[in-house]
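Asks: Model the structure of this input:
(chains A, B, C and D)
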2 protein chains.
Amino acid sequence: MEQDALDKAFMALADPVRRAMVARLSRGDATVNELAEPFTITKQAVSKHIQVLEHAGLVTRSRDAQRRPVHLDAAALEHLTAWIDQYRLIAESRYRQLDQLLGAGTEEPHEKPAKKKEELK
Amino acid sequence: MEQDALDKAFMALADPVRRAMVARLSRGDATVNELAEPFTITKQAVSKHIQVLEHAGLVTRSRDAQRRPVHLDAAALEHLTAWIDQYRLIAESRYRQLDQLLGAGTEEPHEKPAKKKEELK
DNA sequence: TTCGTAATCAACCGAATCGTTTATCAATGA
DNA sequence: TCATTGATAAACGATTCGGTTGATTACGAA
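Replies: Now for the predicted structure:
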């Protein structure tokens, strides 16, 4: 997943309204009106939120007469967990190595500077 | 994890500089200068990014003389994957149910309105 | 055609972000 | 004490975000 897609996807989840929409959509597709129902904001605002989710690749839309049902893309969510887990697992395995190196109950010191180059992948 | 913490955590990851910092920190703690090295922006800007990560609960900081080593909190990352997976798994299990109900190769239709109340959890 | 409904577009506003520059604080060592 | 190094604070500009109102498009029904 390229940087810009990650930018948009994490940004899309950084809003409680859009997260509630994701939660709703996990239970099944929904129209704009249905997604708007739990909120007090205008439907135009809801429409914008859906566009943010769509441009982030988290949802797709089809057409059913004048309705535009929104569909959650579970694979896109998996990409995000994969990105996070990649680094979480590196960090956790490093903690385990430290633990067994130092023995239990030791306060974790911070490491010496690592000189290796950064890859932005 | 409460709404505001999720807001801040996802927002923190919605920036390529901060994600690169998370990637770097997964390999070990680092100071502001070390984190700034791969970037062309000022150290003040880097310092602000670190504060964003800190307020999001993704990193913690200690003190070593005049240095302020930054430490990645793997548990915080796990909270995020847990939130995403919660809804991803609901959606995926729903797809599986549809598949076995309709037989293979069928295009997925979108569902009828679900009337149940929304929980923001 | 005309009407009603679903949804989007366009323009605008206030608040938050991301970066800069300048100045300041904190700790170390000569 | 004074200079240096690591890091933060404060103020500013440009841009983006989340929301509104008002107008417009797309479709189906009468």
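
Asks: Please count neighbours and contacts with C-alpha atoms only from this point.
Replies: Noted.

Asks: Contact residues of chain A facing DNA strand C?
Replies: A:Thr31, A:Val32, A:Asn33, A:Glu34, A:Lys43, A:Gln44, A:Ser47, A:Lys48, A:Gln66, A:Arg67, A:Arg68, A:Pro69 (C-alpha under 7 Å from any atom of the strand).

Asks: what's the closest of these to B:Met11?
Replies: B:Met11 lies nearest to A:Lys48 out of those, by C-alpha to C-alpha, at 18.0 Å.

Asks: Okay, and the closest one sits in which element?
Replies: A:Lys48 belongs to helix A:43-55 when assigned by DSSP states H and E.

Asks: near DNA strand D, anything from that helix?
Replies: Yes: figure legend: helix A:43-55 in contact with DNA strand D (C-alpha under 7 Å from any atom of the strand); contacting residues A:Lys43, A:Gln44, A:Ala45, A:Val46, A:His49, A:Val52.

Asks: These, buried ones only, as a PyMOL selection?
Replies: To isolate the buried ones among the residues of helix A:43-55 next to DNA strand D in PyMOL, judged by 16 or more other C-alpha atoms under 10 Å in any protein chain shown, type:
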select buried, chain A and resi 46+49+52
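
Asks: for A:Arg88, what are its contacts?
Replies: B:Ser26, B:Ala74, B:Leu77, B:Glu78 (C-alpha atoms under 8 Å, 6 or more residues apart in numbering or on different chains).

Asks: Name the residues that touch the helix holding A:Lys48?
Replies: Taking C-alpha under 8 Å, 6+ apart as the rule, helix A:43-55 contacts A:Lys8, A:Ala9, A:Ala12, A:Val17, A:Arg18, A:Val32, A:Asn33, A:Leu35, A:Ala36, A:Val59, A:Thr60, A:Arg61.

Asks: what does stretch A:60-77 give?
Replies: Contacts of stretch A:60-77 (C-alpha under 8 Å, 6+ apart): A:22, A:25-26, A:28-32, A:54, A:57-59, B:84-85, B:88, B:91-92, B:110.

Asks: ok, of the residues you listed, which come out buried?
Replies: Here, 16+ other C-alpha under 10 Å leaves A:22, A:25-26, A:28-32, A:54, A:57-59, B:84-85, B:88, B:91-92 buried among the contacts of stretch A:60-77.

Asks: Looking at those, which are in helices?
Replies: Among the buried ones among the contacts of stretch A:60-77, DSSP state H puts A:Val22, A:Leu25, A:Ser26, A:Val32, A:Glu54, B:Ile84, B:Asp85, B:Arg88, B:Ala91, B:Glu92 in helices.

Asks: Would you mind listing the two of those that lie farthest apart?
Replies: Longest span within those, C-alpha to C-alpha: A:Val32 and B:Asp85, 23.9 Å.

Asks: how about the strands in chain A?
Replies: For chain A, the strands defined by DSSP state E occupy A:59-61, A:70-72.

Asks: relative to helix B:74-102, how tilted is the lowest-mean-pLDDT helix or strand in chain A?
Replies: One helix or strand of chain A scores below all others by mean pLDDT, DSSP states H and E: helix A:74-102, with a mean of 91. Relative orientation of helix A:74-102 and helix B:74-102, computed by axes from the mean of the first three to the mean of the last three C-alpha atoms, to 10 degrees: 140 degrees.
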